[in-house]
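Engineer: how would this look folded up:
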Amino acid sequence: ISAALVISVILPASHPLEEAPGVWRRVTHGMRIYLKTPRLRGLLALNLAVSAAGTMQIVNTVVLVRSVLNLGEKEVALAFAAAGGGSMLIALLLPKVLERVSERPVMLLGGVMMALSLYLGWLSPSFAGLVGLWLLLGAGASLVMTPTGRLLKRSCQPEERPALFAAQFSLSHSCWLVTYPLAGWLGVNLGLTGTFALLGTVALAATGLAALIWHAHDPMALEHEHAAQSHTHLHYHDEHHQHEHEGWEGPEPHRHSHHHSPGSHGHVFVIDDHHSHWPS
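Structural biologist: Numbers count the residues shown, from 1 in each chain. Predicted coordinates for the structure are as follows:
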C-alpha cells in the first residue's frame with residue numbers, strides 16, 4: 001500500500017540547480033541553509049526532544065513490559081501500538097488545526113508533552129498507565145514531526161528543497177545517533193526511573209532551547225539590506241535579477257556574470273545565493 005501511494009504522487013516540475021563548487025560545499029549546501037535559519041535551528045532542538053522521547057519508548061518498552069511488569073509479548077505489542085496510535089491520531093487531525101494556528105506553538109506543545117510523558121514515568125506506572133504515557137508521547141512526537149515539512153518548504157527556494165530535506169534527515173538522525181545508545185546505557189546503569197528522568201530533562205531542555213532560538217515573531221517577509229555584488233550563477237529574471245543582456249545568454253535559467261546594486265527592500269526571506277545571513 002505504501003509503494004502504491006508513493007507511485008501515485010505527482011511531483012512538481014523540477015528546476016535546474018547550479019551545483020556549488022567543490023564536493024564539500026555540495027554536501028553541506030542544505031546544512032548551511034538549515035543552520036542559518038532560526039526556525040530550523042529551533043526545529044533541530046525539537047528533533048533532539050523527539051529522539052530523547054522516542055528512544056526511551058523504542059529501546060526500553062520491552063524491558064518495562066517484560067522485566068518490570070512481568071507481562072508477555074502481547075502487552076509489548078499493545079504498548080508500541082499506543083505510541084503509534086497517538087502519533088497517527090495527531091497526524092490525521094493536525095493539518096486542519098494548522099490552517100488556524102502557526103507551527104511554533106503546536107510544535108513546542110509537542111515537546112512539552114513528550115517531556116511530561118517521560119517525567120510521569122517516575123511514578124512506575126502500571127501497564128494501563130504505561131499505555132497512557134506512550135499514547136501521550138506518540139502524540140507529542142507527531143505534533144513536532146507532522147509540521148516539519150511545512151517549515152522546510154517555506155524556509156528555502158523551491159530548487160533548494162532536496163538539499164534542505166536531506167539536511168533535515170541527516171541532522172535529525174544525528175540526534176538519534178546520540179540518544180539511542182544513551183537510552184540503553186542509562187537503562188543499564190541508572191535503572192529505568194533514572195532513565196525516564198534524564199531523558200525527560202533532555203526533552204524539556206531541548207524544547208526550551210527551541211523556544212529561545214525560534215522567536216515567536218517569525219514573519220515570512222523581512223526588511224533587509226543588500227550590499228553591492230557581482231557574481232555568476234544559474235538564475236531566472238526574478239525580483240533580484242533585472243539586468244541587461246547582450247543576446248548570447250540563452251533562455252532562462254541561464255548563467256552569466258551580472259551585478260547587483262546596493263539597496264534595501266522587503267520580501268519573503270530565505271537563505272540563498274543572495275541572502276547569506278539572517279537579518280538581525
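
Engineer: and Met114, what does it touch?
Structural biologist: By C-beta atoms under 8 Å, 6 or more residues apart in numbering, the residues touching Met114 are Ala49, Val50, Ala52, Ala53, Leu136, Leu137, Gly140, Ala141, Val144, Ala203, Thr207. The C-beta positions use only the backbone N, C-alpha and C, and glycine is treated the same way.

Engineer: ok, now with 7 Å
Structural biologist: Residues near Met114 by C-beta atoms under 7 Å, 6 or more residues apart in numbering: Ala49, Val50, Ala53, Leu137, Gly140, Ala141, Ala203.

Engineer: out of these, which are inside strands?
Structural biologist: In strands, judged by DSSP state E, none of the contacts of Met114 are found.

Engineer: which among these gets closest to Arg100?
Structural biologist: Comparing the contacts of Met114 against Arg100 with C-beta to C-beta places Gly140 closest, at 20.0 Å.

Engineer: quick one: the closest one and Met113 touch, right?
Structural biologist: Yes - between Gly140 and Met113 there is a contact under C-beta atoms under 7 Å: 3.2 Å.

Engineer: the more surrounded of the two?
Structural biologist: Set Gly140 next to Met113 and count neighbours by other C-beta atoms under 10 Å: Gly140 wins out with 29 against 25.

Engineer: quick one, what contacts Leu116?
Structural biologist: By C-beta under 7 Å, 6+ apart, the residues touching Leu116 are Leu136.

Engineer: still on that earlier bit, mind giving me the PyMOL command for buried ones among the contacts of Met114?
Structural biologist: Buried members of those, defined by 16 or more other C-beta atoms under 10 Å, are picked up in PyMOL with:
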select buried, resi 49+50+53+137+140+141+203
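
Engineer: Perfect, that will be all.
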